[in-house]
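**Q** just the structure for this:
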Amino acid sequence: MGTPDEVTESATTDLPLQRQLMGSLALVLVLSAIAGVIGYATFDTSQLEKSLRSKSDLYASNLASSLYGAVATSDAIMAEDVFKPMLNDRNVYGAAVYLPSGRRLAGIGHFPGAFTTGEQIALGDERVLLTVRDISVNEGEVGHLFLALSTEHIASARFRAAQFPAFTTAIVLLFAILLALAHSFSVMMSECVRMFEERRQMEASEKERLEKLVSERTRDLTLVVEGTQAIPFALDVEDGHFEYIGPQGPARLGFSENLWKQIGFLDKLLPRERNGEVRSKLDGSRAGSFEVEATVLTKDDERVDLRWVASCEQSENTGQHKVLRGMMLDVTDQRRLESELAQAQKLESVGRLAAGVAHEINTPVQFVSDSVSFVREAMDDLSQIVDKYRELRSAAEKDPDHTAADVSAAAKAAEEAEDDADLDYILENAPVALDRARDGLGRVAAIVRSMKEFAHPDRKEMTASNLNQAIQSTLVIASNEYKYVAEVETNLGDVPLVNCYAGEINQVVLNLIVNAAHTIGDVVKGTDKKGRIRVATRVLGDQVEISIGDTGKGIPVDVRARIFDPFFTTKEVGKGTGQGLAIARSVIVDKHGGTLHFETELGVGTTFFIRLPINGPSATTASAAA
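**A** Down below sits the predicted model:
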């Protein structure tokens, strides 16, 4: 067992420096407070209090004699002159003189507003010495002098008396503590030097171990990556050559590894005239990760769709060249399947609407047929009338074989033919029938044209499209879905052409309109009422917004977070597949870099908002489909 000094030193140095400082400061504060309390309690204030009372008596006597004349004559100015010399005395808390009636004549500082004999005086500050003197002026009439001197200097003197022992105690203790801490700090620094040296040796050995481990893991990772279908690469964008290309690249595209590493090979793989947008994204890439898609041609001119997942690096390690590192993923089959699926979904929609479209075509065709039949029958009647008028003309000509009686008979026959055929009715309704036939054929042409636009295979690249025209075509096709349950209001603003896949936007709009018709149908079912579908477009900054609202029952709160999930539907079995909104979100958000959200209120309806960037998706929001 060590000596007491050794034990104390060990206990001190074992504590962290912060805890030692906190403990030392706490000890200084406690002992200083104790010394101050003792000094404060033992300080004798009797002499100061006696001196203050003497001063109060002296002031009161002098003031009483000086104020006699002012009280006797009720002269406030004289009284104020008496009090003026006291304004500079810090001990004077307040002074005032009162007439026999109790009314204040003059005063300074703090004093009661009025004072009468026997009245109790209450002041806001208890730290005062109060003196009241009577001033007899006439027989039976007594004025009063009020004088209050502050005792605050006595408390201040006591506090200063407590400061000295506390301050002295604090200095002595701090000095002792600083000596102890200096010793502890010296011991701690020695220990830190020892620990630093041990840490340096450990780091050197750990660094060697980690470098070896990284080398092994890198080799393993390279084997794993090169064993997949993905193509790892490192591309120097400025020189247009690949610093590294995995063996999958030459194998998939047919170009030798040496060709990949030649300066300018990027121009052969992605010619600017055919891949200008992709090349712009590669040239303008900044530090960080990004994705882009491009179509390239193999050595045998086979089209291959590649998704580039890369990160950009530009530093002294790359010679200030911009280097992209990442992988190329062959998504050719995936894009082909997506295209086939999209077309199948579109054809499915067309098939679902086929009966309605046939009905829409049948109605104008029917009144075209009726109008043509009417005109055909009218032509037979007109033919008989024409024959009669020809006979009349023949009789009217100067022919010796015809007499005036023959002309009159021919005219009579023509008039009877007009009456039999109801010529006025024919002349009035035949043009109307022809106009109806022309309108009907126009409606048929519009429906066929809308079907053609809707069902047309999508282009492989985005094109500038007229969204208002696309919406109108979709409304024509879907009319049989909504015309029995809802009226449609359109407010199509003056929007510019939007760079998009028009066919896919048509599909999204169709899904939302059909959903709106179904939810309104559930509300008006069994009544003769109709709901309302509102379709509008407008420009919002660099985006175009399409809103499709309905007066249906709204979306329940418990399903709002799930309506975009695949295969989720609130419709009855056989009426919905749960794919419409999921596909809509994928098209708008993933492929176009836009947004799709809704606002709904139970019992009022729901409005979906589609927002599309006018110039197409940026590199950070979506990859350009090749």
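**Q** so how far is stretch 210-218 off the chain centroid?
**A** If you compare the mean C-alpha spot of stretch 210-218 with that of the full chain, they lie 44 Å apart, counting by Cα atoms, centre = their mean, to the nearest Å.
**Q** in it, which residues are buried?
**A** The neighbour-count criterion (16 or more other Cβ atoms under 10 Å) identifies no buried residues in stretch 210-218. Placement of C-beta: from N, CA and C, glycine included.
**Q** can I get the CA coordinates of that stretch in CSV?
**A** Once side chains and other backbone atoms are set aside, the C-alpha atoms of stretch 210-218 remain, and they are given as CSV (Å, rounded to 0.1, in the frame of the first residue of the first chain):
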residue,chain,number,x,y,z
LEU,A,210,-5.9,-2.8,-44.6
GLU,A,211,-3.8,-2.2,-47.8
LYS,A,212,-3.4,-5.9,-48.2
LEU,A,213,-7.1,-6.5,-47.5
VAL,A,214,-8.1,-3.8,-50.0
SER,A,215,-5.9,-5.3,-52.6
GLU,A,216,-7.5,-8.8,-52.1
ARG,A,217,-11.0,-7.4,-52.0
THR,A,218,-10.4,-5.3,-55.2
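**Q** where do the strands of the stretch 201-350 of the chain begin and end?
**A** 231-236, 241-245, 288-297, 303-313, 323-330 (DSSP state E, counting those that start in this stretch).
**Q** redo those as TSV? Include mean neighbour count and distance to L475.
**A** TSV is the format used below for the strands of the stretch 201-350 of the chain (neighbours: other Cβ atoms under 10 Å; distance: least, Cβ to Cβ, whole Å):
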stretch	mean neighbour count	distance to L475
strand 231-236	21	46
strand 241-245	19	51
strand 288-297	17	33
strand 303-313	18	34
strand 323-330	20	39
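**Q** can you say which of those is nearest to T131?
**A** Distances from T131 to each of those were compared using Cβ to Cβ; the minimum, 85.0 Å, belongs to strand 288-297.
**Q** what's the angle between that closest one and strand 323-330?
**A** Angle of strand 288-297 versus strand 323-330, following axes from the mean of the first three to the mean of the last three Cα atoms, to 10 degrees, is 50 degrees.
**Q** strand 288-297 pairs with which strands, parallel or anti?
**A** Sheet partners assigned to strand 288-297 using DSSP bridges are listed as strand 303-313 (antiparallel).
**Q** gap between the partner strand and the chain center?
**A** For strand 303-313, the distance to the chain centre is 30 Å (Cα atoms, centre = their mean).
**Q** with stretch 472-489 instead?
**A** Once both centres are worked out by Cα atoms, centre = their mean, stretch 472-489 turns out to sit 34 Å from its chain's centre.
**Q** and it, average pLDDT?
**A** Averaging the model's pLDDT scores along stretch 472-489 yields 84.
**Q** put the alpha carbons of that stretch into PDB.
**A** Taking Å, rounded to 0.1, in the frame of the first residue of the first chain, the C-alpha atoms of stretch 472-489 are listed here in PDB:
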ATOM      1  CA  GLN A 472     -59.400  16.200 -77.100                       C
ATOM      2  CA  SER A 473     -58.700  12.900 -79.100                       C
ATOM      3  CA  THR A 474     -58.800  10.900 -75.800                       C
ATOM      4  CA  LEU A 475     -62.100  12.600 -74.700                       C
ATOM      5  CA  VAL A 476     -63.700  11.500 -78.100                       C
ATOM      6  CA  ILE A 477     -62.600   7.900 -77.600                       C
ATOM      7  CA  ALA A 478     -63.700   7.700 -74.000                       C
ATOM      8  CA  SER A 479     -67.000   9.500 -74.500                       C
ATOM      9  CA  ASN A 480     -69.100   6.300 -74.200                       C
ATOM     10  CA  GLU A 481     -67.500   5.800 -70.800                       C
ATOM     11  CA  TYR A 482     -68.700   9.100 -69.300                       C
ATOM     12  CA  LYS A 483     -71.500  10.600 -71.400                       C
ATOM     13  CA  TYR A 484     -74.300   8.700 -69.500                       C
ATOM     14  CA  VAL A 485     -73.000   9.800 -66.100                       C
ATOM     15  CA  ALA A 486     -71.200  13.100 -66.500                       C
ATOM     16  CA  GLU A 487     -70.800  16.300 -68.400                       C
ATOM     17  CA  VAL A 488     -67.300  17.300 -69.500                       C
ATOM     18  CA  GLU A 489     -65.900  20.800 -69.000                       C
END
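**Q** spit out the contact partners of the residue nearest to P250 when sequence neighbours are not counted.
**A** Setting aside the residues directly before and after it, P250 is nearest to E257 in space (Cβ to Cβ, 6 or more residues apart in numbering), at 5.2 Å. When the contact criterion is Cβ atoms under 8 Å, 6 or more residues apart in numbering, the partners of E257 are 245, 247, 249-250.
**Q** V309 versus E257, what's the distance?
**A** Look at E257 and V309: by Cβ to Cβ, to the nearest Å, they are 21 Å apart.
**Q** and I426, by the same measure?
**A** Summarising the geometry, the distance separating I426 from V309, computed by Cβ to Cβ, is 76 Å.
**Q** now swap in Q507 and tell me
**A** Taking Cβ to Cβ as the measure, Q507 and V309 are separated by 28 Å.
**Q** and what of T117?
**A** From T117 to V309 the distance is 102 Å (Cβ to Cβ).
**Q** and S289, by the same measure?
**A** Distance from S289 to V309, counting by Cβ to Cβ: 7 Å.
**Q** what is in contact with the two at once?
**A** A shared contact of S289 and V309, defined by Cβ under 8 Å, 6+ apart, is any residue touching both; here these are G326.
**Q** low-confidence stretches in the stretch 201-350 of the chain?
**A** Counting by pLDDT under 70, the stretch 201-350 of the chain shows low-confidence ranges at 218-228, 315-320, 338-350.
**Q** show me where it has helices.
**A** Listed from the start of the chain, the stretch 201-350 of the chain has helices (DSSP state H, counting those that start in this stretch) covering 248-253, 257-260, 265-269, 276-283, 332-396.
**Q** centre of the chain to the fourth one, how far?
**A** To tie it back to what came earlier, the one meant is helix 276-283. 29 Å.
**Q** then stretch 239-257?
**A** On the basis of Cα atoms, centre = their mean, the separation between the geometric centre of stretch 239-257 and that of its chain is 43 Å.
**Q** can you get me the start-to-end distance on that stretch?
**A** For stretch 239-257, the first and last residues are 16 Å from each other (Cα to Cα, to the nearest Å).
**Q** repeat for stretch 586-602
**A** With Cα to Cα as the measure, stretch 586-602 spans 26 Å from end to end.
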